[in-house]
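Chemist: only the shape, not the letters, is given here:
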């Protein structure tokens, strides 16, 4: 009986096509097979770095990255498989490989990019809180499997500062309708940089037998789940990304099948969130809010102009001024502390750092 159940479960998962491994195929060329293989490994690392570092930073640091990273490509690849080899008409060898480049935040590649100043580790490891309550259609599930799967994916990817705020999960009436003030309160009370908010549900879809050719009952219950989540900058309410994921599973009881389906949906969502946070942390897409207190509006204009000259700043704009306090929105690839230090050198009057968070900077100018 156990063997039959096992085979049915395999058939069920194959039927729904639950998950697939990501394949990365890279070509390399050279006058010899070895040279073509080395070129393919270099191209694999170059492609990986290109997905994590914005184009402006790549161009500015092209020679440094080439000398320090690409020449050591083999050391950043965990494994690879040669898919094909051929000798072209011009006498050059072409080789295609399937390669896995280790881009874990604590990997050798990430450490080298951080050491070289290409990627800022603080932006890659913010303080994160996850709130994703979930329901089976018949009842609330007390220990969210989807949320747990998301957190596990974040931890496995190297994010080390996950904050537990599960005690307030059900005190919030509608998580999808959180206001900026709600998030500011959470950010202030729990010292959180990134807030991942969502909801999930599962429901039974019947005996797994109905998905098989003979259609006979097996006593194994199948469930589907849906998990949706948004990634916010906690302090400002800026949405980094939003997505939804489905999961399927089967078990002897509907409740356990629902938990498994929610877990599978959470794992898919966790992979998505990890990718978005890593890409966000190594690009110039961060919206940093600079709050400037001063009675002299001319100093606001001077600070905004000076910010635009700082390396790593893509843009800046004064978005609000009221009662001696201005808000300047800045797209910047570094940390608030670094921006303040460079700004302090760029203006000819005194500024004082009042406070800072993951993406906010409060200063006084006088």
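Modeler: It's in. What you see is a predicted model, and the numbers here were worked out from it, not measured in a lab.

Chemist: closest to the centroid, which residue in this protein?
Modeler: Geometric centre of the chain, nearest residue: residue 277, 2.4 Å, by CA atoms, centre = their mean.

Chemist: where does that residue fall, phi/psi-wise?
Modeler: With angles defined as degrees, to the nearest 10, residue 277 sits at phi -70, psi -40.

Chemist: OK, contacts around it?
Modeler: Residue 277 makes contact with 124, 126, 128, 154, 159, 194, 231, 240, according to CB atoms under 8 Å, 6 or more residues apart in numbering. Glycine gets a C-beta too; all of them are placed from N, C-alpha and C.

Chemist: per-residue pLDDT of the third one, please?
Modeler: Just to be clear, that refers to residue 128. Looking at residue 128, its pLDDT is 89.

Chemist: what about the helices in this structure?
Modeler: 2-16, 33-52, 55-60, 62-68, 108-115, 121-124, 145-156, 180-190, 254-281, 297-307, 336-346 (DSSP state H).

Chemist: quickly, which of these bottoms out on average pLDDT?
Modeler: helix 2-16 (a mean of 39).

Chemist: would CSV of the contacts of residue 277 with neighbour count and distance to residue 336 be doable?
Modeler: What follows is the contacts of residue 277, written out as CSV (neighbours: other CB atoms under 10 Å; distance: CB to CB, whole Å):
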residue, neighbour count, distance to residue 336
124, 22, 15
126, 19, 12
128, 23, 18
154, 21, 23
159, 23, 19
194, 27, 15
231, 22, 19
240, 18, 17
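
Chemist: next, format the helices of the chain as JSON lines and append distance to residue 76.
Modeler: JSON lines is the format used below for these (distance: least, CB to CB, whole Å):
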{"stretch": "helix 2-16", "distance to residue 76": "33"}
{"stretch": "helix 33-52", "distance to residue 76": "5"}
{"stretch": "helix 55-60", "distance to residue 76": "16"}
{"stretch": "helix 62-68", "distance to residue 76": "11"}
{"stretch": "helix 108-115", "distance to residue 76": "4"}
{"stretch": "helix 121-124", "distance to residue 76": "16"}
{"stretch": "helix 145-156", "distance to residue 76": "19"}
{"stretch": "helix 180-190", "distance to residue 76": "35"}
{"stretch": "helix 254-281", "distance to residue 76": "15"}
{"stretch": "helix 297-307", "distance to residue 76": "35"}
{"stretch": "helix 336-346", "distance to residue 76": "26"}
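
Chemist: so which of those is nearest residue 163?
Modeler: For these, the distance to residue 163 is smallest for helix 180-190, at 5.6 Å, taking CB to CB.

Chemist: pull out the buried positions in that closest one.
Modeler: Of all the residues in helix 180-190, those buried under the rule 16 or more other CB atoms under 10 Å are 182-183, 186-187.

Chemist: residue 336 reaches residue 362, doesn't it?
Modeler: No - contact criterion CB atoms under 8 Å: residue 336 and residue 362 do not qualify, at 9.2 Å.

Chemist: give me the more crowded residue out of these two.
Modeler: Per other CB atoms under 10 Å, whichever of residue 336 and residue 362 has more neighbours is residue 336, with 24 against 18.

Chemist: which residues does stretch 305-321 contact?
Modeler: Residues from elsewhere that reach stretch 305-321 (CB under 8 Å, 6+ apart): 56-57, 60, 284, 290, 297, 300-301, 304, 326-334, 338-339, 342-343, 346-347.

Chemist: buried sites along that stretch?
Modeler: 306-307, 310, 312-313, 316, 318.
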